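**Q** Sharing a model prediction with you, sequence too.
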Amino acid sequence: METIIGVVATLVGVFAGASLTQRSADRQRRLIATFDLHRELHGAEMMRARFAPAELVEQHADKDYRELRDLLGAPAMSDLRQVIYFFQRLWLAIELGALHEEYAARLFGDTFSWWYDTTFQSMLVPSETEMARDIEALHGWLVSHATEAQQQYWRGADPDAWRRRDA
């Protein structure tokens, strides 16, 4: 009987240790993925890609993305698509549990909120595409995972101040 109790206790210890190790590794993977996406969002290539379309959509605020593409041509929309695709990937990573949720709103909320408020909400979301649904879902998730103080900061951000701060 003591042998059985010893074997069971050993197995419980092994499974508990493996479970703790797995949870720790999962947390570390999510943290690395979160910081990698944040680094990409604020990297030189994405910063360049964010500035050009920000001015473009402000100049054509009365158009949706399809009208803008028809007016300017697909090549002129490449930077804007890069920004949209980044946020779509961010949403999918959150939806799949691949990011550290505790930090996602803090690291991405202000930049995404500016894009959502100035362009996505009026120019993309009404298009009823899968991409638009993903952007809308990301917005809802970020709002539900942000503090009231964060949301107030996002709502009060001046787009010109954003450009100066990100430069």
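**A** Cool, the structure landed.
**Q** can you pull the contacts of the most centrally placed residue in the chain?
**A** Nearest to the mean C-alpha position of the chain, by Cα atoms, centre = their mean, lies Leu90 at 3.5 Å. Going by Cβ atoms under 8 Å, 6 or more residues apart in numbering, Leu90 touches Leu37, Leu99, Ala104, Phe108, Phe112, Leu138. (Glycine included, C-beta is placed from N, CA and C.)
**Q** List the residues that contact the fourth one.
**A** Applying Cβ under 8 Å, 6+ apart, we find Phe108 in contact with Leu37, His38, Leu41, Leu90, Leu142.
**Q** Kindly report the same for the first one.
**A** Contacts were defined as Cβ under 8 Å, 6+ apart; by that measure Leu37 touches Arg89, Leu90, Ala93, Leu99, Phe108.
**Q** Tell me the one among these nearest to Met47.
**A** Of all the contacts of Leu37, Met47 sits closest to Phe108, with 14.5 Å by Cβ to Cβ.
**Q** how about that closest one, secondary structure?
**A** Following DSSP: H, G, I helix; E, B strand; the rest coil, we place Phe108 in the helix state.
**Q** How much space separates it from Trp115?
**A** For Phe108, the distance to Trp115 equals 10 Å [Cβ to Cβ, to the nearest Å].
**Q** Let me see the ranges of the helices in the chain.
**A** For the chain, applying DSSP state H gives helices covering 2-41, 44-59, 65-72, 78-95, 101-115, 130-145, 148-156, 159-166.
**Q** Please tabulate those in JSON lines, including the columns mean pLDDT and distance to Ser122.
**A** As requested, those are exported to JSON lines (pLDDT from 0 to 100; distance: least, Cβ to Cβ, whole Å):
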{"stretch": "helix 2-41", "mean pLDDT": "79", "distance to Ser122": "22"}
{"stretch": "helix 44-59", "mean pLDDT": "88", "distance to Ser122": "9"}
{"stretch": "helix 65-72", "mean pLDDT": "88", "distance to Ser122": "10"}
{"stretch": "helix 78-95", "mean pLDDT": "96", "distance to Ser122": "14"}
{"stretch": "helix 101-115", "mean pLDDT": "92", "distance to Ser122": "11"}
{"stretch": "helix 130-145", "mean pLDDT": "95", "distance to Ser122": "11"}
{"stretch": "helix 148-156", "mean pLDDT": "83", "distance to Ser122": "16"}
{"stretch": "helix 159-166", "mean pLDDT": "46", "distance to Ser122": "14"}
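**Q** Much appreciated, bye for now.
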